[in-house]
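Asker: Quick one, what's the 3D model for this:
(one chain, ligands or ions: 1)
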Amino acid sequence: MPEPVNPVTFPPSFLWGAATSAYQIEGAVREDGRTPSIWDTFSHTPGKTSGGETGDIAVDHYHRYRDDVALMADLGLTAYRFSISWSRVQPTGRGPAVQVGLDFYRRLVDELLAKGIKPAVTLYHWDLPQELEDAGGWPERDTAHRFAEYAQIVGEALGDRVENWITLNEPWCSAFLGYASGVHAPGRTDPVASLKAAHHLNLAHGLGASALRSVMPARNAVALSLNSSVVRPLSPGNAEDLAAVRKIDDLANGVFHGPILKGAYPETLLTATSSLTDWSFVLDGDLRSINQPLDALGLNYYTPTLVSAADAEPKGPRSDGHGASDHSPWPGADDVAFHQTPGERTEMGWTIDPSGLHELIMRYTEEAPGLPLYITENGAAYDDKPDPDGRVHDPERVAYLHGHLSAVRRAIADGADVRGYYLWSLLDNFEWAYGYEKRFGAVYVDYATLTRTPKSSALWYGRAARTGTLPEVETA
Ligand code: FCB
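Answerer: Down below sits the predicted model:
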């Protein structure tokens, strides 16, 4: 008889992390030689972010990183995923590195290691140096080569002390929100440019992974983080709805995992987009460069996507979860309609569905057998407010985390090799087009004073990290 699995106790080596990204937390945008990224330009463009908010100060992590690391250590976290600001390291996106920019990350990593917290570095979390956008941005092939050069610089600087590496965060958002729907920087709305951007991001990943490996110790692990969608049909028995699922699954997932894991774009994707492009920007040898062996795969999950054939649907502004636009982030999919998944939602309007996380993990367990998986983002925004004695009580977030971590544990019991979980996010922070309106942090930030207060979810998650077992969920 197999041992019955305790549904809430995790393997002892499981990493209990939290995640952030540079532009969302660092601030200090004009210090130590840093130049503007596309997010500085975009957030300073009127009408692009809620209330015109920017990451100029964000949560001032650049100056408060020691306190933030101490906070993580006090909570009991064992891992931290953060991103590097490319324009701190290579202000023009090319040429020699600025050592003072790299020094910030060296100090951050040393501080983490001193406290027993395992760092995971993301090289690119959406903040392209503005000069590279001015030269054409991701639709331009050269950007992939610039990324490889930057990857090599950071790999040389931190490869001796950081083992876990992520080339790109959610290239779907960079390509399709940045260049098709335009709700993210640089705010362009050109479907063909978005497909080129997707290919050059794939190429950047492949060239970047090789560049990292050329300068780092072999023990280091190279991964990337995909926001792979769990796409479901409105009517599972309807062939047209299933065709809509195929199309969105290709545009959300296959466009990245096809070339990266299998060395080819899905034929169905090439056909569905053939009226827009013949994909002649994919040059000989590109697929080989992209299809590098990975040491791990990062999955970011928030909510599933529900689709149907569009016939009966009125066309209107589409929301892709990160903001509404009249331009679709799904090139070639005008015949697909998007629906709200039923059920309770977070403050982002995202339906809470932990079964989607289980499904996603099992899918990649099948698609990439033997590849270790990390949940590199998962979390929820709620309208958190301190109570009169200053405590922030967020039972909804505790329930969200409990539900999703239980789904991860179930997947492990079902044979998936999930090595860790990074809660999004350590701190309340700049939530892109939503500015500071949406609070994803386990730690509350008072934006007037920048004081940090762990919410009850942070304390709950810290207990889970210390014991390797999910504590009971309190009743609200
Ligand atoms: C993900 C992003 C992250 C944050 C969360 C809520 O798509 O990677 O920066 O915005 O969503």
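Asker: these two touch, right, Lys48 and His184?
Answerer: No. Shown here, Lys48 and His184 do not form a contact pair, counting by C-beta atoms under 8 Å, at 9.0 Å. C-betas here are computed from N, CA, C, even on glycine.
Asker: got a list of what Val29 touches?
Answerer: Val29 makes contacts with Pro36, Asp40, Gly55, Asp56, as judged by C-beta atoms under 8 Å, 6 or more residues apart in numbering.
Asker: any idea what sits nearest Pro171, other than its immediate chain neighbours?
Answerer: Spatially, and ignoring its direct neighbours in sequence, Pro171 is nearest to Leu201 (4.0 Å; C-beta to C-beta, 6 or more residues apart in numbering).
Asker: Secondary structure element holding that neighbour?
Answerer: Leu201 is part of helix 191-215 when elements are defined by DSSP states H and E.
Asker: Same check on Gly101?
Answerer: helix 99-114.
Asker: ok, residues contacting that helix?
Answerer: 32-34, 62, 65-66, 69, 72, 80, 82, 84-85, 88-89, 91, 118-119, 121, 153-154, 157-158, 161-162.
Asker: OK, contacts around Ser229?
Answerer: Going by C-beta under 8 Å, 6+ apart, Ser229 touches Ile248, Asp249, Ala252, Asn253, Pro304, Thr305.
Asker: Any chance of CSV for those residues, columns distance to Arg146?
Answerer: Formatted as CSV, those follow (distance: C-beta to C-beta, whole Å):
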residue, distance to Arg146
Ile248, 31
Asp249, 31
Ala252, 26
Asn253, 26
Pro304, 35
Thr305, 32
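Asker: Among those, which one lies nearest to Asp284?
Answerer: Nearest to Asp284 out of these is Asn253 (C-beta to C-beta; 25.0 Å).
Asker: measure Gln152 to Tyr23 for me?
Answerer: Applying C-beta to C-beta, to the nearest Å, the value for Gln152 to Tyr23 is 22 Å.
Asker: that's a strand at Gly420, yeah?
Answerer: Yes. Assessed with DSSP: H, G, I helix; E, B strand; the rest coil, Gly420 lies in a strand.
Asker: what stretches of the stretch 301-450 of the chain score poorly on pLDDT?
Answerer: Across the stretch 301-450 of the chain, the stretches falling below the confidence threshold (pLDDT under 70) are 312-320.
Asker: residues of stretch 95-115 that come out buried?
Answerer: Going by neighbour count (16 or more other C-beta atoms under 10 Å), the buried part of stretch 95-115 is Ala97, Val98, Gly101, Leu102, Phe104, Tyr105, Leu108, Val109, Glu111, Leu112.
Asker: thinking again about what came up before, compare Lys48 and His184 and say which is more crowded by neighbours.
Answerer: Taking other C-beta atoms under 10 Å, Lys48 and His184 do not tie; His184 has more neighbours (27 against 22).
Asker: Tell me who's in contact with the nearest residue to that one once chain neighbours are set aside.
Answerer: Nearest non-adjacent residue to His184, counting by C-beta to C-beta, 6+ apart: Leu177, 3.9 Å away. For Leu177, the contacting residues are Val183, His184, Asp320, His322, Gly323, Pro329, by C-beta under 8 Å, 6+ apart.
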